[in-house]
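Chemist: What shape does this take:
(one chain, ligands or ions: 1)
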Amino acid sequence: MRVLITGGAGFVGSHLADAWLARGDEVTALDLAPDTKVRHLREHPGFKVVRASVLDRDILEGLVARADLVYHLAAVVGVEHYVGDPYQVLTVNINGTQEVLTAAFRHQTKVVFASTSEVYGRNTRVPFDEDSDRVLGSTAIDRWCYATSKAAGEHFCFAFARMGLPVVVLRYFNVYGPRLDQMDRGRVVTIFMGQLLRGEPLTVIGDGAQTRCFTYVDDAVRATVAAGLRPEAVGRAINVGSDEEVSVRELAARMVRIADSASLVISVPEEAVYDRGYEDIPRRVPAVGRMRELLGVEAEVPLDEGLRRTIEWFKRQ
Ligand SMILES: NC(=O)c1ccc[n+]([C@@H]2O[C@H](COP(=O)([O-])OP(=O)(O)OC[C@H]3O[C@@H](n4cnc5c(N)ncnc54)[C@H](O)[C@@H]3O)[C@@H](O)[C@H]2O)c1
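Modeler: Numbering: from 1, shown residues only. As a prediction, this is how the structure comes out:
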């Protein structure tokens, strides 16, 4: 099979490329980023990176025309972008998704779209099943632009599905592991990682009582591969996550314990990190029945084990 992965030089995309190549399939990654995260694949005969934007229609069209399956992972991701550059978030995540789906529709090629647990917003009724309401804040709060952009992408997916395109929507819940963002950047695990490995205090925003379900990347990738293969998944939105819920403060404490570090865990006020209103989500827990039923996958890597592997990887870098 010839697999196209937009965002294939990113964190999840690079692991997904590994998985398809390990099956003996061919992978093309379309990504704007340098190929640092897929460096290990440079000599692989089945792998190619095209460094371009999903918004480049001609390049996208040529790549989709040669693919049997398209994963659309390219997106502007990371809280610093949601609050720092909402224009880019909206443009790439909405228009880029429309472009990918339009090209795929022309060739009738199946698309798996990477959406997010953020679409549920601050709905307080957990666990979130796939039909749960989306509860988002005001458009005056920039952080909601990401959830909105991904929800718009999902609507585009279902609109194309109505026209006959095979589409699967995956909603990832806090995926982490080796090759996540650079230390100190991006997501909570990498921000804590930088602090941890320098022996500094880990800074929890607010009281750290907000909870998340962290999903080890290998589990997310098994689900993602299954979404590309299984006919039962077509036309559906499916949560991809672990249901092991921890508070952010507990995450920090576990990282300190697993790394056998003397770092403290301290609280910083939200205003010290985000100069404009942020609105954090209090709890985020997936219902995982649909993942099990339609994809035949369950999260298998417990948080402690996933953190141990991730910390080891970052230490080696
Ligand atoms: N990792 C998670 O916890 C998580 C959670 C929810 C959803 N997701 C979704 O999964 C996908 C992959 O996320 P990730 O964690 O690997 O993030 P990532 O930032 O590592 O990957 C996204 C990739 O998209 C690329 N990209 C951005 N704009 C582009 C453009 N215009 N053209 C081509 N490429 C472009 C980036 O360079 C990056 O390599 C994203 O769509 C993200 O929204 C991830």
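
Chemist: Regarding G164, what is its secondary structure?
Modeler: Under DSSP: H, G, I helix; E, B strand; the rest coil, G164 falls in the coil class.

Chemist: Is stretch 17-27 positioned near the ligand?
Modeler: No: counting by CB under 6 Å from any ligand atom, the ligand is not contacted by stretch 17-27; separation bottoms out at 11.1 Å. Glycine gets a C-beta too; all of them are placed from N, C-alpha and C.

Chemist: What residues of that stretch count as buried?
Modeler: Across stretch 17-27, burial judged by 16 or more other CB atoms under 10 Å covers A17, D18, A19, W20, L21, D25, E26, V27.

Chemist: measure that stretch end to end?
Modeler: 6 Å (CA to CA, to the nearest Å).

Chemist: ok, residues contacting it?
Modeler: By CB atoms under 8 Å, 6 or more residues apart in numbering, the residues outside stretch 17-27 that reach it are 1-5, 8, 29, 38, 41, 44, 46-48, 221-222, 224-225.

Chemist: Get me the contact residues on this protein for the ligand.
Modeler: Counting by CB under 6 Å from any ligand atom, the chain sits next to the ligand at 6-7, 9-13, 30-33, 53-55, 73-77, 92, 96, 114, 116, 172, 174-175.

Chemist: show me where the stretch 201-317 of the chain has helices.
Modeler: With DSSP state H, counting those that start in this stretch as the criterion, the stretch 201-317 of the chain has helices at 217-229, 248-258, 270-273, 289-290, 303-316.

Chemist: Pick the most buried one from those helices.
Modeler: With neighbours defined as mean count of other CB atoms under 10 Å, those peak in mean count at helix 217-229, which reaches a mean of 23.

Chemist: by contact count, what packs against that helix?
Modeler: Helices and strands touching helix 217-229, by 3 or more CB pairs under 8 Å, 6 or more residues apart in numbering; DSSP states H and E, are helix 11-22, strand 69-72, strand 110-116, strand 167-172, strand 175-176, strand 237-240.

Chemist: what residues does that helix touch?
Modeler: Against helix 217-229 from outside (CB under 8 Å, 6+ apart): 3, 11-12, 15-16, 18-20, 23, 69, 71, 110, 112, 114, 168, 170, 172, 175-180, 233, 238, 240-242, 291, 295-301.

Chemist: Show the buried residues in those residues.
Modeler: Applying 16+ other CB under 10 Å to the contacts of helix 217-229 flags 3, 11-12, 15-16, 18-20, 69, 71, 110, 112, 114, 168, 170, 172, 175-180, 233, 238, 240-242, 291, 295, 297, 299, 301 as buried.

Chemist: Residue of this protein nearest the ligand, please.
Modeler: Residue of the chain nearest the ligand, by CB to the nearest ligand atom: G10 (2.3 Å).

Chemist: What pLDDT does the model give that residue?
Modeler: G10 carries a pLDDT score of 97 in this model.

Chemist: And for A252?
Modeler: pLDDT, A252: 98.

Chemist: do the same with V288
Modeler: pLDDT, read off for V288, is 98.

Chemist: Leaving out the residues flanking it, which one is nearest to it?
Modeler: D243 (5.3 Å; CB to CB, 6 or more residues apart in numbering).

Chemist: Any stretches of the protein with poor pLDDT?
Modeler: By pLDDT under 70, the low-scoring segments of the chain are 272, 274-277.

Chemist: Turn the helices and strands packed on helix 217-229 into JSON lines, including distance to G186.
Modeler: Formatted as JSON lines, the entries for those read as follows, by distance: least, CB to CB, whole Å:
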{"stretch": "helix 11-22", "distance to G186": "9"}
{"stretch": "strand 69-72", "distance to G186": "20"}
{"stretch": "strand 110-116", "distance to G186": "14"}
{"stretch": "strand 167-172", "distance to G186": "14"}
{"stretch": "strand 175-176", "distance to G186": "10"}
{"stretch": "strand 237-240", "distance to G186": "19"}
